[in-house]
Every structure is written in C-alpha cells, then in structure tokens.
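>>> quick one, structure for this:
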Amino acid sequence: MTIFVLLMNRMDSIDLMNVHTGFLAAVIAALLVMRQAGEVAGCQPGLTQLVRFDSPGLQTFRAVACLSVKKFEGVIRLRMNWYYRMMLSYTPIFFVAVSSLIIVFFTMLNNASEKKYIETNQAIVEQIMRNTDANLKLIERNVVSEMQSDKTLQSFFTDEPKTLYDFFLIQKKLVELKASLPFFSSVYLYDAAAGKVLTDSDVFTLDSFGDRSFIEAFNRGPVPYGWTKPRAYGQSQLDRNKQPVVSLVKLYPFASEKRGAVVVNVYVSSLFHFIRELNENESGSVGIMDENMHPFFSSAQPDEAGPIAVRSEYTGWNYYADSVLSGNFSVVSLLSDIWAAVIFVIILATVAWFTLITHIHYKPIQMMADKIKNYTARKSGELGIKSLPNELAFIDTAIDQLLQSSMDYENLHKQDRLLRQRTLFMELLSGLRVMTQEEWEKQMEAWEMPYRYERLGIVMIEIDEYGAFAAQYKPGDQYLLKFLIETAYGEMAQKRGVHVWHSWTEPHRLSIVHHLGEEEASSGDTLPRLAEEFRAWINDNLDITVSAGISEEFRSIEAIASYHRQAAKHLSYKAVFGVNVVIDSQIAETKLPGGTYRYFEPLTEMIRFYKLNNGQWQDKLRDIFGELKRVLLTRNDLARLTNDLIRELETAIRTLPAGIQRLWTAEYRHQFEQAARHAETVEELQDRLHAVMNKLARDMERERINRDSHAVADRIKAYIDLHYADPDLSLIQVSDRYKLSPRVVSHLFKEATGEKFMDYVLKVRFGHARRLLLETDEPIQSIAEQVGYLHVISFHRAFKKMFGVPPGEYRNMHRSREG
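Sure thing, here's the model as predicted:
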C-alpha cells in the first residue's frame, strides 16, 4: 500500500491518458482488491489526505477509479479478459480511422504545397528570364550605340588603306567593347568589300576565318533577327574545340546596305553560369530551349513529367525548370481524389464496425453482470478471489513499470527543459522573440533560474582562426574544448558574483549574457576586465586564442537582440585590431569610420603598375593597407576589397598574352579567392596578397621572357637560312648582329628549336649541298663554296662525317640507283 501511495504522489507530471492501457487495467484491479480491505483510492477520506489529486492526470485517474469501483460494487467484479478483448477489438478501428484521417490531411497538404511550389518556381523562372533578357538587351544597345558613335570602329568599313597600327586601335576598341558586356563573349567585325574579318586578337580573310559559314549565310540570305539559336563557334578553321554560342548580327551602316556587320557571340556556358548564380539557393535546375524546343545542351533534357516553362518575347527562347514530381514531393502526391473517396468510405465502415463490436461485446457483459448480481449476497468475493494470485503478480509488474516510466519521464523532462532553455536564449539573442520583463521573470521562475539584475551586458567570444581549429581537432575534441570554454568563463563570472547564461549562436561564436548587480553595474568595467581575464587564461592553458566583442550595458531584456548585434559588430572589428583581442566601444572609437569605396582609385592605379611590371605596385599596396589599418573595417569589408582587387586584376590580365591568362585562371585566381575567404585581419590579408602577387609577377615576367626568347630564336633561324653560304657564318657573328653574348644566343636557340646552333647550320648547309650533288653536275669544289666552305677538304671531311661517304661517292651511288 505504501508503494502505491508513493506512486500516486509521483504521478503529478504523468499524463495517464498516455500510459499503456494495461497499466490502467492493473491499477483498477488493485483498487478492487483494496476495496475489499476497506481502502478505495480517492474514494476513502483517509487516503484522500495522503494522495494529492491536484493534477489533471490524477483527477482523471480518480474519476475512472471511483466510477469503476461504484459500478462493480453492484455488478460484482468482471474478469479482466473481457476488458482486453474489448480493447483489442476497438484498437484496429481506432488505428484505421486515425490513419485514414492522417492520409486525407497529408493529401490535402501535399496538394496545397505542390501548387505553391509550382507558383514559386514559375516566379523564379520568370525572374531569371527577365534578368537574362535585360543583359542581352544591354549588349544589343551597347553594340548599336558604339557602332553609330565610335569613329574608330567605323573606320574599319572604309576603303582607305589601313596600317597595322590602325588595326591595333580598332582591336583595342573591340576589347573595350567586349569588356563592357555583362556576359563572357567575343566580338568581330566583317568588311564585305575587303573580305576581311577583324577580331580582338587577329585579322583574317573570309576564306581563312573559322566562322565563314555563318557570315556567308547572312550574306546570301536574310540577316538573323535578334539572337540566334546555339551554334559552334571558333576563330580558326583548324580549331576542333569550338564552343557553343548564341550570336547577334548588326549590319553596318544599316540593314539595306550590307557594307559589313558586327557580330557578337555570347558563350552559352556564360549564360548558364549567370543562371546558376541567380539560382544558387534553389534545389531545382533551370535550363533554356530555343524556339523549336531544343535544349541548349543536348544532355540537359527537360523533365518528362511536365517542366515549368516560360517563353521570352525578346529572344523567343523557352526557360524551363524541373517538374514538381522530380523528387521534391513524397509518394503522397500520387494520391488522387479517388483515394480520398475510398478513405471516406473506410471511415464510414469503421463507424459501422465500431457500433457492431460494441453491440456484440455488450451482451455477454450484461449477462455476466446479472449473474454476479444474483450471487453476490450468498458468495461474497468468490468470483474475484480465485484469480487474485495471477492478478496481483500482474499488478506488481505493472507498478514496477510505472515507476520506471516515471523516472524516464523525469529525465526526459529535464532534457526537454534544457532544450527549451537553449531555444529561448537563441531566439532572444537573434531577435526572433521579444519578451517583456514580466514574461521573463515568470519563465525564469518556472525553470528555477535567477532572473534579477540591475543591468545586462553581452560578451561574444570567437575562436580565432576557426578553419585551422576545425582542421586540427576531431569533432569530439572540438566539443570538449568548446565545453571547456563555456565552463571556464562561467566559473570566472561566478567568482565575481555575476550570473551568466550563454548560447553558441554560431559554431565559432559563444554569446554570453551577464546579470549585473548594483555593484558591478556602477563600476562600468566589469565586462572588459572579465573578458580580458578569460582571454589571458585561454592563452596560458590552451593552444588556441579567442577574441571578444563587448556590448554596452543595458537595463531591459526587451533590448537584448539590439545589444547582441552591437557585441557582434565590435567583434567583427578584429579585422583591424587583430586576433586575440578584447574590443568594446571605447577601443572601437580609436579608429576612424570605415569603408572600402575610397580605395578603389588607388587600387586601380596599383593594378596599372602591376600590369606594367613596375615595382611601384608594392609601394601602392603598402599605402592601401596602411590606410586600412587606420579605419574600422569588418571581415566582410576585407573580402569586398579583395574581390575588387580580383576583378581589376582579371580585367588587366585579359589584355595580356594568352599564356599569362591561362596562368591566372589555372593557378592564381583561386589563391586570391582563398585569401578573401580565410584572412581574418588586415595584416593577414596583406601578407597573403603580397605573397601571391609577388609569385604571380615573377611568373608573368618569366612568361614575357620566354615569349621574347622564341622571337629572337626565330629571327636567328631565318638569318641562318638566308646566309648559310657565308663562310664567316658563326655563333660569334650572329651574337654580334643581335647584340647578345654567344652563350645567350646558344641557350635561346637550343631552348626554342631543340637543336644546337652549329648542328642547325650544318643541317642547312648539307641539305643544300645534297640537293646540288643530286640535281646538278657542278664540281664538288663549287658546291663546297656555295654552302660556305672555302676549303674542299673541310667540306669532304664534314660531309663524310654526316652521311658516312665522301660527296663524290654519294653522288655516284644515288645516280647509279636512279639509272
């Protein structure tokens, strides 16, 4: 009995409606047994004082228990077999009905979600189409405007003879025009009268130009209106790696007079890159089909289930997105209205089933109740006592299970409270939830947590160089270190009599809220001293460093989100103050207001020096970062500045030779992007950028030297081919002519041609000697003089060394074979 009373006292927090039905049956049986001893739970006055029935669950339990006892006092005790039989009969009905309702609910919810998904995707595709059309229209306007206003571009179509410098100026304008276009593209001019094509890199005749078929097509027939469908494009006819483009043709000076044309080719890959950037946060993919419904990429077929498509009135292209049924919805979406009708019929059938089962089970219960009522007076307790041993064993098991369930529930309740605390703290700090002072006090009292304060203050702790931290430590070690950080700070605050609560708002950031009393609030420096003490402790005891941002003190819990943002802002200033620092309002005021826009012009000037390989670029870079250290900047500002540098560098490198452009794309662009992502401070960013730019400058200079070396070697080779008959032709003579040392000439020639200087001279001379021996009857003395040998003996010796036989024998041997 004592165990049962204790159990009743522990059931305040347990909802008996959620306990297994077997437990309820066991407890009712126990009440029947105790009723015979004169104790009925909740119905006897003495027991009511021991057991509290103040919770909703226990009130329900008391009502059920009392009702059961009163019913069975007049009807005698029924065997529990009937109870189990009825429950097992009704359980399938319950599950069928509830499952049917759930399926109907989720079917309706899925249909609504599917409709909303289609509308959202339709809007996304339309926005992508409008943005793409706007850029294409901008290209068309820019090209037409430049052709109508730029005299340099118009000079290409005149009949006046043009020098290489004239072509250079026109190509420069083409490069500037191409750079102003939003998509990666190529532009060339076609002069119908001269049959010439001018690209930004070379001048071609129409017969040798790789895009000849396209030009001839609009020469013979009508000019394509607007943008063409995708086609292969390459400047050289030998180019096997042609890329798909869409083209825009504009005749010059106007459509009725085909004096020439300007052709703009936008690479299809650039279009899809632009679309992917617009759609980077979406799960589906967006593609384009031409007016004949052919995809731009043959591999990118639209979903057969019915894609979401939008047609552009400007280009005639069709933009499409993945279908709703492409994995974004569950199998519930396959249910139709027919299934809903079937489920409704099932529900009606369950109601009928429920009524029938109740009627069937009611008859034997009524018969048993009548019999028990007739024999109650003569045989008191006979029916129930016979089954008591088994029933008591079951009751003992049920009580043990109830006690275990109660303990499990308490543990679960504690875990749930911690989770709800963390959720509340996170919502308060992020501003997703605002609480009044009264609501705050009520909630903290419910959780038995301190809530009184004179003022509040926030310290945000950030683990410095978190990327290296995550790479160095395993996830389990990271968790332990973070736990150590929050525990150590809490103990330091507790020593000062300050209550704190905290939340990891980001993987590398711990936000700590302080409840300051009158003494701590009046001093005004409690938070900076506490944060500095904690920073020093981390330095002395761990292999990591932390930085801290401190908000101003405030009086109301309602303003916590605003001051949390202030602490985060102060912490972001570690970009200029460095890592392992504590930053509050006073420290932040030591720097000037920030902003990177003022450094755009010095950045452009530095890139100009860098492009010319002028060492002044290093001074400019130091000047820029010297100014950056004087102002307030965040890490986002540093990333924005680096992205501006990347953009300016890329624009400058596009005007340099192809080798340098390939070097930039393959090796260096991603190094600059990594600097933008990982640099936490101005000092670190300066070191990273200076190192990468120095290395790139050296590689660019090496590329220039290699290109110049090939040009010199080609001129030397041409000189040998022309003057091979000169007896004085030698390495020294060529070195004097080109004002280079013999060693440099020999090295350049070997690097460019793969042959030694003298080996090539001998090859040219004896090639001509061999031809003269076989095709003429000139004496060997004459042939030796014609190939640069004054002495026939030297010619004989050298000829035999190369061909294995003397020149006379070589002539006779080959002529005898021909005869």
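
>>> so what's the residue nearest to I587 when sequence neighbours are not counted scoring on pLDDT?
Take I587 and drop its neighbours on the chain: the residue closest to it by C-beta to C-beta, 6 or more residues apart in numbering is F577, 7.0 Å away. All C-beta atoms are positioned from the backbone trio N, CA, C, and that covers glycine. Reading off the confidence values, F577 has pLDDT 89.

>>> now the one 4 residues further on
Reading off the per-residue confidence, V581 sits at a pLDDT of 92.

>>> next one: K196
pLDDT recorded at K196 is 89.

>>> surely it is in contact with S208?
No: K196 lies out of contact with S208 (C-beta atoms under 8 Å); the separation is 10.2 Å.

>>> which of the two has more neighbours?
A direct count of neighbours by other C-beta atoms under 10 Å for K196 and S208 places K196 higher, at 18 against 13.

>>> quick one: contacts for the more buried one?
Neighbouring residues of K196 by C-beta atoms under 8 Å, 6 or more residues apart in numbering: 190, 203-206.

>>> how much space separates it from G497?
Plainly put, K196 is 87 Å away from G497 if you go by C-beta to C-beta, to the nearest Å.

>>> same check on R555?
Relative to G497, and taking C-beta to C-beta, R555 is found at 19 Å.

>>> how about the helices of the stretch 301-450 of the chain, start to end?
Assigned helices in the stretch 301-450 of the chain, in chain order: 337-375, 382-385, 388-430, 437-446 (criterion: DSSP state H, counting those that start in this stretch).

>>> lowest average pLDDT across the ones you listed?
helix 382-385 (a mean of 42).

>>> circling back: ok, how many other residues are close to the residue nearest to I587?
With other C-beta under 10 Å as criterion, F577 counts 22.

>>> ok, back up a step: show the buried residues in the contacts of K196.
Those of those that meet the buried threshold are 190, 203-204, 206, by 16 or more other C-beta atoms under 10 Å.

>>> out of the residues you listed, which is nearest to P161?
Nearest to P161 among those is V203, at 13.4 Å by C-beta to C-beta.

>>> before we move on, the earlier item: let's see which of the contacts of K196 end up in strands.
Counting by DSSP state E, the part of those found in strands is 190, 203-205.

>>> dump those residues into JSON lines; add distance to L418 and pLDDT as well.
As requested, those are arranged in JSON lines below (distance: C-beta to C-beta, whole Å; pLDDT from 0 to 100):
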{"residue": "Y190", "distance to L418": "74", "pLDDT": "89"}
{"residue": "V203", "distance to L418": "75", "pLDDT": "88"}
{"residue": "F204", "distance to L418": "74", "pLDDT": "89"}
{"residue": "T205", "distance to L418": "80", "pLDDT": "87"}
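
>>> nearest to Y738, of those?
Once C-beta to C-beta is applied, the member of the ones in strands among the contacts of K196 that ends up nearest Y738 is V203, at 28.6 Å.

>>> does that closest one have beta-bridge partners, and which?
Per DSSP bridges, the residues bridged to V203 are L198.

>>> ok, which stretches of the stretch 51-200 of the chain are helices?
Remark: helices assigned in the stretch 51-200 of the chain by DSSP H, counting those that start in this stretch are 56-75, 80-149, 151-154, 164-179.

>>> count the neighbours of the nearest residue to L628 once chain neighbours are set aside for me.
Of all residues not flanking L628 in the chain, V682 sits nearest, at 5.1 Å (C-beta to C-beta, 6+ apart). Residues near V682, counting by other C-beta under 10 Å, number 24.

>>> for Q154, same thing?
Burial of Q154 is recorded as 17 neighbouring residues (other C-beta under 10 Å).

>>> and if you look at S406?
16.

>>> again with the one 10 residues further on
Applying other C-beta under 10 Å, we find 11 other residues in the vicinity of D416.

>>> what does F469 give?
19.

>>> can you pull the contacts of it?
F469 neighbours (C-beta under 8 Å, 6+ apart): 463, 478, 508, 544.

>>> contacting residues for the residue lying closest to D133 once chain neighbours are set aside?
Leaving out its chain neighbours, the residue that sits closest to D133 by C-beta to C-beta, 6+ apart is Y314, at 4.6 Å. Y314 is in contact with 133, 136-137, 226, counting by C-beta under 8 Å, 6+ apart.

>>> just the buried ones from these?
133, 136.

>>> before we move on, the earlier item: now the contacts of K196 in JSON lines, please, with extra columns for distance to Y451.
As requested, these are exported to JSON lines (distance: C-beta to C-beta, whole Å):
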{"residue": "Y190", "distance to Y451": "80"}
{"residue": "V203", "distance to Y451": "81"}
{"residue": "F204", "distance to Y451": "81"}
{"residue": "T205", "distance to Y451": "87"}
{"residue": "L206", "distance to Y451": "85"}
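
>>> and which of those is nearest F296?
Of the contacts of K196, the one sitting nearest to F296 (C-beta to C-beta) turns out to be Y190, at 25.1 Å.

>>> low-confidence stretches in the stretch 1-150 of the chain?
Scanning the stretch 1-150 of the chain for pLDDT under 70 picks out the ranges 1-90.

>>> contacts for stretch 204-217, please.
Identification of contacts with stretch 204-217 by C-beta under 8 Å, 6+ apart yields 188, 190, 195-198, 231, 233-239, 242, 247, 261, 263.

>>> what are the buried residues along stretch 678-694?
Buried residues in stretch 678-694, defined by neighbour count with 16+ other C-beta under 10 Å: 679-686, 688-689, 692-693.

>>> same question for stretch 421-433.
For stretch 421-433, burial by neighbour count (16+ other C-beta under 10 Å) applies to 421, 424-425, 428-429.

>>> out of these, who's nearest I347?
L424 (40.4 Å).

>>> separation between K756 and L748?
From K756 to L748 the distance is 12 Å (C-beta to C-beta).

>>> compare those two and say which is more crowded by neighbours.
A count of neighbours by other C-beta under 10 Å puts L748 above the other of K756 and L748, at 22 against 13.

>>> wait, that one touches A713, no?
Yes: using C-beta under 8 Å, L748 is in contact with A713, at 5.2 Å.

>>> can I get the helices of the stretch 51-200 of the chain in a markdown table including distance to E277?
Below are the helices of the stretch 51-200 of the chain laid out as a markdown table (distance: least, C-beta to C-beta, whole Å):
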| stretch | distance to E277 |
| --- | --- |
| helix 56-75 | 56 |
| helix 80-149 | 10 |
| helix 151-154 | 31 |
| helix 164-179 | 19 |
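
>>> tell me how many other residues surround the closest residue to H508 other than its chain neighbours.
Spatial nearest neighbour of H508, excluding adjacent residues (C-beta to C-beta, 6+ apart): Y466 at 3.9 Å. By the criterion of other C-beta under 10 Å, Y466 has 17 neighbours.
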